[in-house]
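S.K.: Build me a model:
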Amino acid sequence: MKDTSGYKICDVYTDGSFKDNIVGSGVAIKCDEIIEEFAFSMQSEALSTHRNVSGEIYAVMYAVFYASKKGINKLRIFHDYSGLAHWVSG
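M.R.: Next up is the predicted model:
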């Protein structure tokens with residue numbers, strides 16, 4: 001999809017999880033009609049202190065990295081951790 005300025009825009013759905021000191025991240029990226037899904041996990045004491053929030057943050061970071069590599073100009077990010085919205089809006 002493109003916005004009114006002609007920029008390519010994709011929808012991103014993220015989620016984070018935490019269990020047994022393992023932080024997990026899930027990302028689904030929808031561009032046009034193509035959907036790509038990614039999931040990964042990591043074990044880190046530092047990340048574990050923030051539990052599933054760390055996973056959500058890493059999912060969004062991955063989506064931004066993916067977009068930069070694929071030439072995607074804009075992302076609409078759908079997440080369930082409200083704190084992420086404040087990173088952009090203040």
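S.K.: In what element of secondary structure is the residue nearest to the spatial centre of the chain found?
M.R.: Centroid check for the chain by CA atoms, centre = their mean gives Val60 as the closest residue, at 2.4 Å. Using DSSP states H and E, Val60 sits in helix 52-70.
S.K.: hmm, who's touching the helix or strand following that helix?
M.R.: Following helix 52-70 in sequence order, the next helix or strand is strand 74-78 (DSSP H and E). With contacts defined as CB atoms under 8 Å, 6 or more residues apart in numbering, strand 74-78 is touched by 3, 7-14, 60, 63-64, 67, 84. From N, CA and C alone the C-beta is placed, and that goes for glycine too.
S.K.: Each with direction, which strands does strand 74-78 pair with?
M.R.: Within its sheet, strand 74-78 is paired with strand 9-19 (parallel), according to DSSP bridges.
S.K.: Go ahead and measure how far the next helix or strand after the strand it pairs with is from the middle of the chain.
M.R.: The element immediately downstream of strand 9-19 (helix or strand, assigned by DSSP H and E) is strand 22-31. Between the centre of strand 22-31 and the centre of its chain there are 6 Å (CA atoms, centre = their mean, to the nearest Å).
S.K.: In terms of secondary structure, what does strand 22-31 contact?
M.R.: strand 9-19, strand 34-43, helix 52-70 (3 or more CB pairs under 8 Å, 6 or more residues apart in numbering; DSSP states H and E).
S.K.: can you redo these as TSV with mean pLDDT and distance to Val27?
M.R.: Formatted as TSV, the helices and strands packed on strand 22-31 follow (pLDDT from 0 to 100; distance: least, CB to CB, whole Å):
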stretch	mean pLDDT	distance to Val27
strand 9-19	93	5
strand 34-43	94	5
helix 52-70	92	5
